[in-house]
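In: For reference, the sequence and a predicted model appear below.
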Amino acid sequence: MRALVLADSCNPEWPSLPIVGYKAAIALAEVCDVTLATHVRNRENIEKHGKGKCEVVYLDNEYIAKPMYKASTIIRGGKNVAWTAGIAMSYLPYIAFERQAWKHLGKRIRDKEFDVVHRITPMSPTLPSWIAGRGNVPFVLGPLNGGLKWPPEFKAELAREREWLTYVRGAYRHLPYLKRTYRESSCILAGFKHTMADVPESCHDRVVLLPEVGVDPAVFKERIPNESDRLTFVFVGRLVPYKCADVVIRAFAKSDTLRKHRLLMIGDGPDRPMLEGLIKEHKLEDCVELSGWVDQGEVGNLLRSADVFAFPSIRELGAGVVVEAMAAGLPSVVVDYGGPGGLITNECGRKIDLGDKEHIATEMCKHLEELAADKALRESLGAAARQRVEDHLTWKAKAEQTLEVYKWVTGQREGKPEFEVQ
């Protein structure tokens, strides 16, 4: 099987989407012949970390990408807020990226050097493809992830995140090339059901549910057994409004039982001063620690040394950190909304119904107390979480699942593939 993989965001040293694009492409190259088309900005780090078995073609659209990125940063008021606006501002640069891909690889596509063309990144369902359908080669789109509505209970967090563009997000359906993209896609990979709902209904017979998040077992190893009576509960994420890191602190503040244990909060961001104030207000200095930002390898080590993962984020699309905690063999307590709710089952964690902060904090306190009191339950849930990852969510497993999709769109297998993890 010969695949042309389009991944403008593909960088082993950049968090979130870029490292997902890199890991996915490298894993795919282990199961089929991959030509990876990516942005020239990724060259240094890809060459440093290795391109695996990929043939890599670097494309340069900086003539438009650079000024649009600068304008986006100014309009958004920074790099880490107003994500919807950031996606909108990347429309023209991405179309330019694919036109560059066609310029360099179009003849090879037309000459059928590739059995399939697969766009991995960007993953937003709002960004169309210019190449889809060109060259009469099956086109695979995704995994896409997006379309998760802001919970009405969290309008204040929406405002602090400067997500004002969400009110007119539906306008993306009128973008040039969007209808063509969905019409010409042989298969659309959707990370979760909330994204499938954002895909035109006329395409649902071509949608395969496949989360974009994966994990490297060599980095996120199974946890080290803790023989201490003092447990470590851990939160990992940027300290920004929608992650609701303060909810875990409030859960600890409610419980004399939890105060006997330790809460480690890994990450940094604009909410840190607020969290420090909350810790001081509730006199939690002896049990709550803010570690700041650490690299991915250290996150893996810290997860291995913890006992329970607590993650109250209320608008999480992919939730890669949840998979990392599962890989470490930790039971997770999450909000049943978006990515976390799709990844966690009752056999490997606990899910909290969406509600306001007070509701989530109260329910989280209850579940954390339950896990603190029951070692056998912690171990059972953690082992099931680890097994779920090994079966379905390693990069190797995901590459094999993607290969089944390629076989389907090229007529080498009958029936649309379906995978257990949504």
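Out: Arrived safely, thanks for sending.
In: which residues of this protein fall in strands?
Out: In the chain, the segments counted as strands under DSSP state E are 2-7, 33-39, 55-59, 116-121, 139-144, 187-190, 207-209, 232-236, 262-266, 288-292, 308-311, 332-335, 349-352.
In: Dump the ones you listed to a markdown table, plus mean neighbour count and distance to Glu222.
Out: For glycine as for every other residue, the C-beta is placed from the backbone atoms N, C-alpha and C. Listed next are those as a markdown table, based on neighbours: other CB atoms under 10 Å; distance: least, CB to CB, whole Å:
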| stretch | mean neighbour count | distance to Glu222 |
| --- | --- | --- |
| strand 2-7 | 24 | 30 |
| strand 33-39 | 23 | 30 |
| strand 55-59 | 17 | 33 |
| strand 116-121 | 26 | 28 |
| strand 139-144 | 26 | 26 |
| strand 187-190 | 26 | 29 |
| strand 207-209 | 21 | 27 |
| strand 232-236 | 24 | 15 |
| strand 262-266 | 22 | 18 |
| strand 288-292 | 17 | 21 |
| strand 308-311 | 26 | 14 |
| strand 332-335 | 26 | 15 |
| strand 349-352 | 22 | 16 |
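In: For those, give me TSV that also has distance to Leu343 and mean pLDDT.
Out: As requested, these are exported to TSV (distance: least, CB to CB, whole Å; pLDDT from 0 to 100):
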stretch	distance to Leu343	mean pLDDT
strand 2-7	23	98
strand 33-39	26	98
strand 55-59	31	98
strand 116-121	19	97
strand 139-144	13	96
strand 187-190	14	97
strand 207-209	12	96
strand 232-236	14	97
strand 262-266	19	97
strand 288-292	24	96
strand 308-311	10	98
strand 332-335	8	98
strand 349-352	9	97
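In: Distance to Leu175 for these - can I get that in JSON lines?
Out: Formatted as JSON lines, the strands of the chain follow (distance: least, CB to CB, whole Å):
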{"stretch": "strand 2-7", "distance to Leu175": "18"}
{"stretch": "strand 33-39", "distance to Leu175": "21"}
{"stretch": "strand 55-59", "distance to Leu175": "21"}
{"stretch": "strand 116-121", "distance to Leu175": "15"}
{"stretch": "strand 139-144", "distance to Leu175": "15"}
{"stretch": "strand 187-190", "distance to Leu175": "16"}
{"stretch": "strand 207-209", "distance to Leu175": "20"}
{"stretch": "strand 232-236", "distance to Leu175": "34"}
{"stretch": "strand 262-266", "distance to Leu175": "37"}
{"stretch": "strand 288-292", "distance to Leu175": "39"}
{"stretch": "strand 308-311", "distance to Leu175": "33"}
{"stretch": "strand 332-335", "distance to Leu175": "31"}
{"stretch": "strand 349-352", "distance to Leu175": "35"}
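In: what's the closest of these to Arg162?
Out: strand 332-335 (21.9 Å; CB to CB).
In: Summarise which helices and strands the closest one is packed against.
Out: strand 308-311, helix 320-327, helix 339-343, strand 349-352, helix 357-373 (3 or more CB pairs under 8 Å, 6 or more residues apart in numbering; DSSP states H and E).
In: would TSV of these with distance to Leu105 be doable?
Out: Putting the helices and strands packed on strand 332-335 into TSV (distance: least, CB to CB, whole Å) gives the following:
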stretch	distance to Leu105
strand 308-311	40
helix 320-327	29
helix 339-343	32
strand 349-352	43
helix 357-373	48
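In: May I have stretch 304-322 as PDB, with CA atoms only?
Out: Extracted in PDB, the C-alpha atoms of stretch 304-322 (Å, rounded to 0.1, in the frame of the first residue of the first chain):
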ATOM      1  CA  ARG A 304       4.000   6.400  36.600                       C
ATOM      2  CA  SER A 305       4.600   7.600  40.200                       C
ATOM      3  CA  ALA A 306       0.900   8.700  40.700                       C
ATOM      4  CA  ASP A 307      -2.100   6.700  41.800                       C
ATOM      5  CA  VAL A 308      -5.200   8.500  40.300                       C
ATOM      6  CA  PHE A 309      -5.700  10.900  37.400                       C
ATOM      7  CA  ALA A 310      -8.200  13.700  37.900                       C
ATOM      8  CA  PHE A 311      -9.200  15.800  34.800                       C
ATOM      9  CA  PRO A 312     -12.200  18.100  35.000                       C
ATOM     10  CA  SER A 313     -11.800  19.800  31.600                       C
ATOM     11  CA  ILE A 314     -15.200  20.800  30.200                       C
ATOM     12  CA  ARG A 315     -14.300  21.200  26.500                       C
ATOM     13  CA  GLU A 316     -11.700  18.700  25.600                       C
ATOM     14  CA  LEU A 317     -11.500  17.600  22.000                       C
ATOM     15  CA  GLY A 318      -8.800  14.900  21.700                       C
ATOM     16  CA  ALA A 319      -7.700  14.400  25.300                       C
ATOM     17  CA  GLY A 320      -4.300  12.900  24.600                       C
ATOM     18  CA  VAL A 321      -3.300  13.300  28.200                       C
ATOM     19  CA  VAL A 322      -6.200  11.000  29.200                       C
END
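In: For stretch 43-52, which outside residues touch it?
Out: 10-14, 22, 25-26, 29-30, 36, 38, 56, 58 (CB atoms under 8 Å, 6 or more residues apart in numbering).
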